[in-house]
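S.K.: mind looking at a prediction? Sequence and model below.
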Amino acid sequence: MSFTVTSMENWQYSTNSIHYLLALWSRLVAAVPYVRPDTGAQGHSQALEKQVLKVVESYIDSMLGSVETVLRSDGALEDPLDDNGSLLEQLDRLPTICRYKYNPIANKIIGKFDPLISQYKEVVSRIGNVSTDNAPSDVANTILLLEGQMTWLTYLVGAIIGGHSWSAAHMNNGEETIDASLSRRVLELSKILDYRLTASNGTGRSDSKLEIALLYYFQNFRKVYMFMWDQMSNSSANSDDMEGTVVSILGIPTKFDSAPSTKQKVYHRMFERLALGDHTVVANLIVTKMGNNLKYWPEEAEIIGKTLQLFLDMAGGYSSAKMLLNLETVRFFARNHTAETFPFLGVPSNARHRTTFHATLTRLLLSSDGEVKLGLTFQQFLEPISTVLDQVGALSPTELRNEAVRRPLVGIFRDLRGIASSLHNRRTYSKFFDFMYPRHFPLLAKVADVWHDQSEVTISLLRFMHEFCHNKANRVNFDQSSPNGILLFRATSDVVCAYGRRLLERIQAGNMGHAQDVYKSRYKGISLVLNVINSALGGSYVCFGVFALYNDQCLDNALNISLQLSLSIPLDDVLAYPKLSKAFYGFVEILFRNHITTIFALDTNVFMQLMLSVHEGLQSSEASISSQCASTVDHLATFHFNNKNTDKLPMHNLNKHLTARPDLFSTLTTTLFNLLLFGAAQNHWAVMRPMLSLMLASESSFAAYRDHLLSTQTPENQTLLNEAFNKLLSDVKPDLESSNRDRFTQKLTAFRVATRGFLTL
């Protein structure tokens, strides 16, 4: 114990070791329930209680003292609060330790917190609306000291609250009242910071680390105490209609003939002790704080990011989302989601946060009764975005390329992507599609053409298109008589072709910038184009045969441009960039699955270039890539087996390729069997799927591999291996029915297990 205390007191020299010491004490505490009193070890538990109190007290005092030490060092010492990894490691260990002797430790924290809050109130009241930087130096130093110490205490409270257990063994021990006492201090601090911030119109900002600590507390409070708020609300709403019911001040009904649940009792005690009002008051306090963060901290990316993540998490919970819909602050968000109200939306570095913000608001608005409770329809919500789209859509290509239009374009496509990501069913997606078509569709291809060489704009556009085309949860599901699926694909094709043609022109002209920027300037755009076309081709909302029937070239154009972009990438680069690899092989797989006649119509050199890429991808250590390549081989072999005796143009084209490269099937067979027998086991099931179709498509290739493998083994192993092959081929029918495939795959698994025990390389 003395070693731990000494290490914490000398934190400057043991910063990276403190979380290990806390982990040790956490394990000691966690083992206490397993101590048997009859073994004479009861005294050990009593001794541990005293030691734990000393360790926690030492930790609190040392961390609070570190604030003044760091301030006096004038930058010579690193602030432990800046080491986020080590800080979170410590906070993860603290709940188990602190809750072991919760009452005295909570009193210790409260004893430290209350004087700091009182001093802070007094100091900030003296300087009024003046910022900390412009205050007299002694006052500024006092504020920084108080804020730093309250930052530590806020983190401590947040960690302890997050460690609350809802298990039956802990729900009746009254810990929720201690949680409430600690939470009341943090929420009171939050109100003080908010008042100072709003009263000074943003100049009276506190230390950003204190704001981040508050967000950490809110996040943990949400996890523990926001999962059944809807039950409290519903109980309150229905209480007047319940005969023989007594309603508490928190709105939790208690029937004379039906007692409240244990969890409701815990909530009752929690919010009663909190003494700030019911759960809606607390929720509104948290959301108001979040709104002020978004309004007054526009350039602090970490605060904005964590605030929006908290908002998203709250909207993602069933109970907390229903609560948010009843708050006036959230209604304000939904009606004023523009940069004029929330300046962070206009900061270039916050572009990705615009997506999160609009995704969260859309999720709330389109939830059950969302439009009613927020007093806003989806079309009204989209009006600010529609205004911007109309303005830029009316510009000529020359005017559209003006630098002043860049920011609005990037921002609006980020917003649209966030909205599209929250459309989870047919009803909501159809609403958004009706908003986009036909009014705003032409702008998409126009932007892709005009801004083709500016990755910031094109990437935001392509990411929106990827989300818009993605048929997740079967949301892109139009009526049988509706042409919307075809219209959506046409718009997608226009964007892909406009951007792809321009990019190919730049590649051919050698105008791609510095070699070190090749991913950002070239490959990132190509991977996004392939993701867009993959979503459109695999969405199952378009009958692609319609295009050829009516001589519509949009499908052929999109496939042609995407193929040219894919083939313009050296194979080494395809394999070097993971995101590019997944997009590339996903595109190749979907071509062989649904558009194989287009593949066979290619020049033989181009076809073999694709097959070489597939062969290399089969051997990738990335399971998803090798699976996609195995599926590609399966599509090829299945087509050959099913059509080898037919007189069709695609089969003639395939035979032409096989004549030019007669060893294609044998090479694939050898690679697949080598992966099965000698490769890693994590993806062997996917690798085995094309083996039956490959064997049936080219029996000679399988026979050649079998003879070659037998020739490499000793006579004893040859006998065993021959028996294993005979078992593998027994009862296998020459067809590709699902039952036959599954049976053969199971036999391959047994074959692999049997042969790996004796095969030699």
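M.R.: Thanks, I have the structure now.
S.K.: make it CA atoms for all contacts and neighbour counts henceforth
M.R.: OK.
S.K.: chain center to the helix ranked longest in the chain: distance?
M.R.: In the chain, with assignment by DSSP state H, the single longest helix is helix 42-73. For helix 42-73, the separation from the chain centroid amounts to 37 Å (computed by Cα atoms, centre = their mean, to the nearest Å).
S.K.: number the chain from 91, please
M.R.: With 91 as the first residue, the last one maps to helix 132-163.
S.K.: buried residues in that helix, which are they?
M.R.: 135, 138, 141-150, 152-161 (16 or more other Cα atoms under 10 Å).
S.K.: how about stretch 683-695?
M.R.: Arg683, Ile686, Thr687, Ile689, Phe690, Ala691, Thr694.
S.K.: mind checking which of those land in strands?
M.R.: Counting by DSSP state E, no part of these is found in strands.
S.K.: closest one of the residues you listed to Pro170?
M.R.: Using Cα to Cα, Arg683 comes nearest to Pro170 of the buried residues of stretch 683-695, at 55.0 Å.
S.K.: measure the closest residue to that closest one other than its chain neighbours to Phe834 for me?
M.R.: Residue nearest to Arg683 in three dimensions, not counting chain neighbours: His725, with 5.9 Å by Cα to Cα, 6 or more residues apart in numbering. Going from His725 to Phe834 by Cα to Cα, to the nearest Å gives 17 Å.
S.K.: please apply the same query to Tyr527.
M.R.: The value you get for Tyr527 to Phe834, if Cα to Cα is used, is 49 Å.
S.K.: what about those two, which has more around it?
M.R.: Taking other Cα atoms under 10 Å, Tyr527 and Phe834 do not tie; Phe834 has more neighbours (22 against 14).
S.K.: now the closest residue to the more buried one other than its chain neighbours: phi and psi?
M.R.: Setting aside the residues directly before and after it, Phe834 is nearest to Val822 in space (Cα to Cα, 6+ apart), at 6.7 Å. Backbone torsions for Val822, taken as degrees, to the nearest 10, come to phi -100, psi 120.
S.K.: neighbours around Val822, how many?
M.R.: Val822: 14 neighbours (other Cα under 10 Å).
S.K.: how close does it get to Arg831?
M.R.: For Val822, the distance to Arg831 - Cα to Cα - is 9 Å.
S.K.: check Phe401 too.
M.R.: From Phe401 to Arg831 the distance is 48 Å (Cα to Cα).
S.K.: follow-up on the earlier one: Serialize the buried residues of stretch 683-695 to JSON lines and add fields for pLDDT and distance to Gln481.
M.R.: Below are these laid out as JSON lines (pLDDT from 0 to 100; distance: Cα to Cα, whole Å):
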{"residue": "Arg683", "pLDDT": "95", "distance to Gln481": "42"}
{"residue": "Ile686", "pLDDT": "96", "distance to Gln481": "43"}
{"residue": "Thr687", "pLDDT": "94", "distance to Gln481": "43"}
{"residue": "Ile689", "pLDDT": "96", "distance to Gln481": "42"}
{"residue": "Phe690", "pLDDT": "96", "distance to Gln481": "45"}
{"residue": "Ala691", "pLDDT": "96", "distance to Gln481": "44"}
{"residue": "Thr694", "pLDDT": "96", "distance to Gln481": "48"}
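S.K.: show me where the stretch 491-640 of the chain has its helices.
M.R.: Listed in chain order, the helices of the stretch 491-640 of the chain (DSSP state H, counting those that start in this stretch) span 496-511, 516-526, 531-540, 545-559, 574-599, 608, 614-627, 635-639.
S.K.: elements contacting the longest one?
M.R.: Applying 3 or more Cα pairs under 8 Å, 6 or more residues apart in numbering; DSSP states H and E, one finds that helix 574-599 makes contact with helix 531-540, helix 545-559, helix 614-627, helix 644-657.
S.K.: who's in contact with the third one?
M.R.: Spelled out, that is helix 614-627. 545, 548-549, 552-553, 555-556, 559-561, 579, 582-583, 586, 590, 648, 652, 655-656, 669-670, 673-674, 676-677, 680 (Cα atoms under 8 Å, 6 or more residues apart in numbering).
S.K.: now the angle between helix 644-657 and it, please.
M.R.: Interaxial angle of helix 614-627 relative to helix 644-657 (axes from the mean of the first three to the mean of the last three Cα atoms, to 10 degrees): 140 degrees.
S.K.: go through helix 614-627 and flag the buried ones.
M.R.: 614-627.
S.K.: now do the shortest one
M.R.: Buried residues in helix 531-540, defined by neighbour count with 16+ other Cα under 10 Å: Phe531, Leu533, Leu534, Ala535, Lys536, Val537, Ala538, Asp539, Val540.
S.K.: that's all I had, so thanks and see you.
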